[in-house]
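# Return a 3D structure for these sequence lines:
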Amino acid sequence: MNVSIENRSDVDVVMTVDIVADDYRQDVEKSLRSYRQRADIKGFRKGNVPMGMIKKMYGRPVKIDQINQAVGRAIGEYIHAHKLNILGEPIPHEGQPEADFDNQEDFTFKFDLAVEPKIEVELGKKDKLVYYDIKPTDEMIDKHIEGMRNSMGASVDTEVSEENDIVYGHLVELAGEEADPEGIEVKEAMLLPRYIKEEENKKQFIGLHVGDKIDFEPFKAFGGDERELASFLNIDKTAVAATEGKTFEFKVSRISRHKPADLNETFYKAAFGENTPINTEEELRKEIERGFKEQFKAESDYKFLLDLRKYLIEKAGTPQFADETLKRWLKLNDPKRTDEDVEKEYPQMIKELTYHILHKQLVGKHDIKVTPEDVKQFALIAAKNQFAQYGMTSVPDDILERYANSMLEKEDANRNFTARVEENKLGQVVRDIITVENKEVSMEEFQKLFETEA
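Coordinates of the predicted model:
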């Protein structure tokens, strides 16, 4: 077998593969013998079907398959041996005659290959980018503390009802001024005034004491909401419509209020563990601010890497690519793509390829390596940030580790984390090389940066 290439340009080559019968004959015969051993044809014992019949049945497809495999191996070996960095995959050369697998023994196949262009970008202190530090606001810290206090709070009985309380009572349907013996009765009804849609009725349930009675129309109060009424009246949704216009008496038996946890030693230990050094609200606020900054760092890094990507692509200018070959590859890779689709997608693909080449070049130049421990630490931070989004700021290390390990068991997640660690390391290397302006912004200002780029 002979493989040769012809350079149409520095980035576009035609590869020719000459294959003769000796290159694939033994593999064809071996494959046919395997078919014969497995063949189960009526009139013959298994494994004793005449080879002539096997060749007649399977000879052509086996020959084509073995030729394709041999050609594929030859292309791969040549690319590896000559260190060709190709984009996409080799595609059949246009205009070559169709192979006659029935009569030919020797074949010549041609393929078009798009080769990576040489793109070099030198970085130094003259290159400038901004790194955005997101500063947590007092309002964010206040809201976080409020959420923590509410999640760790408790329900207490109170004397006078407010909008956010739970009011319990005895509910009976009325017929005139008396209880309807055939009507609805709920001995332990409960409602939250804040969910009452009718304002006048909502006001009725604010300022109540235990033992107070009020008459009202639930259907009107809840705006005919089937789900709310079915739950409150303890009836099926299909029976809700029949309660329209019906008056009920509600006698208050208990009023429950959620009391946020107090900021004290018990709270700090429950939130951050028995050995926490936090003893005051000021220390709590500093810890929450630190947690926010740690969480926001990932977002700041992400923004910096986006800006770096854009900067490198612009700095690379307009490198030459094998445009026609790449466009043909796009269409062959997805037959549903139209010419219009390809033309629309191609500019963005070129940007992605340009950055891919530059990224690979910089990673190699600065000897950036990613270890399993790097990936593990990244997964732990990702796990910690996920829990923090739900207000869980003191998750035990063993739980974080189990969660991180479960993520790393997924191949896609592992690959994604590895790529992100490499990207982050590259970002840090570049930050040390170029001039970086650190700019402090609020979360609102930071989010607007993405809006202006959309």
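# quick one: stretch 324-334 to chain centroid distance?
Distance, stretch centre to chain centre, for stretch 324-334: 28 Å (C-alpha atoms, centre = their mean, to the nearest Å).
# for stretch 361-377, same thing?
Taking C-alpha atoms, centre = their mean, one finds the center of stretch 361-377 at 22 Å from the center of the full chain.
# So residue 312 sits against residue 358, correct?
Yes - using C-beta atoms under 8 Å, residue 312 and residue 358 qualify as a contacting pair, with a distance of 5.0 Å. The way it works is simple: take the backbone N, C-alpha and C, and place the C-beta from them, glycine included.
# which neighbours do these two share?
residue 121 (C-beta atoms under 8 Å, 6 or more residues apart in numbering).
# Buried residues, the strand ranked longest in the chain. List them.
In the chain, taking DSSP state E as the definition, the longest strand is strand 248-259. Of all the residues in strand 248-259, those buried under the rule 16 or more other C-beta atoms under 10 Å are 248, 249, 250, 252, 255, 256, 257.
# measure stretch 146-162 end to end?
19 Å (C-alpha to C-alpha, to the nearest Å).
# Show the residue spans covered by the helices in the chain.
25-38, 51-81, 138-151, 199-204, 218-221, 226-233, 265-272, 281-315, 323-333, 339-365, 372-389, 397-408, 411-433, 443-453 (DSSP state H).
# Please identify the most buried of those.
Ranked by mean neighbour count, the helices of the chain are led by helix 218-221 with a mean of 23 (mean count of other C-beta atoms under 10 Å).
# how about the CA coordinates for that helix, as CSV?
The C-alpha trace of helix 218-221 is given here as CSV (Å, rounded to 0.1, in the frame of the first residue of the first chain):
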residue,chain,number,x,y,z
PRO,A,218,-64.4,30.9,50.6
PHE,A,219,-65.2,30.7,46.8
LYS,A,220,-65.0,34.5,46.6
ALA,A,221,-62.0,34.8,49.0
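# who touches it?
196-198, 201-202, 229, 232-233, 240, 243-246, 248.
# same thing but at 7 Å, please
For helix 218-221, the external contacting residues (C-beta atoms under 7 Å, 6 or more residues apart in numbering) are 196, 197, 198, 201, 229, 232, 233, 243, 244, 245, 246, 248.
# Tell me who's in contact with the fifth one.
Contacts here follow C-beta under 7 Å, 6+ apart; on that basis residue 229 touches 218, 219, 222, 240, 243.
# any low-confidence regions in the protein?
Residues of the chain meeting the criterion pLDDT under 70: 391, 393-394, 453-454.
# care to break it down by domain?
As assigned by automatic domain parsing, the chain contains the domains 2-115, 128-144+279-453, 154-259.
# Out of the helices of the chain, flag the one nearest residue 93.
Nearest to residue 93, of all the helices of the chain, is helix 323-333, at 9.7 Å by C-beta to C-beta.
# hmm, back to that, quick one: the longest strand of the chain to helix 226-233, angle?
Per axes from the mean of the first three to the mean of the last three C-alpha atoms, to 10 degrees, the angle that strand 248-259 makes with helix 226-233 is 100 degrees.
# how far does strand 248-259 sit from the chain's center?
Using C-alpha atoms, centre = their mean, the offset of strand 248-259 from its chain centre is 45 Å.
# Which other helices and strands does it contact?
If you count contacts as 3 or more C-beta pairs under 7 Å, 6 or more residues apart in numbering; DSSP states H and E, strand 248-259 packs onto strand 154-157, strand 166-175, strand 213-216.
# returning to that earlier point: out of the helices of the chain, which comes closest to residue 45?
helix 25-38 (11.5 Å).
# what's that closest one packed up against?
helix 51-81.
# How far away from the center of its chain is the helix it packs on?
Mean-position distance between helix 51-81 and its chain equals 41 Å (C-alpha atoms, centre = their mean).
# Which neighbouring elements make contact with that helix?
For helix 51-81, the packing partners by 3+ C-beta pairs under 7 Å, 6+ apart come out as strand 12-19, helix 25-38, strand 107-115.
# now with 8 Å?
Secondary-structure packing of helix 51-81 (3 or more C-beta pairs under 8 Å, 6 or more residues apart in numbering; DSSP states H and E): strand 2-9, strand 12-19, helix 25-38, strand 107-115.
# Turn those into a markdown table, including distance to residue 159.
Shown next, in a markdown table, are these (distance: least, C-beta to C-beta, whole Å):
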| stretch | distance to residue 159 |
| --- | --- |
| strand 2-9 | 87 |
| strand 12-19 | 85 |
| helix 25-38 | 86 |
| strand 107-115 | 79 |
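# Out of these, flag the one nearest residue 452.
Closest to residue 452 of the helices and strands packed on helix 51-81, according to C-beta to C-beta: strand 107-115, at 34.7 Å.
# helices and strands around the closest one, which ones?
Identification of packing neighbours for strand 107-115 by 3+ C-beta pairs under 8 Å, 6+ apart yields strand 12-19, helix 51-81, strand 86-92, helix 323-333.
# quick one: which of these is nearest residue 354?
Nearest to residue 354, of all the helices and strands packed on strand 107-115, is strand 86-92, at 10.8 Å by C-beta to C-beta.
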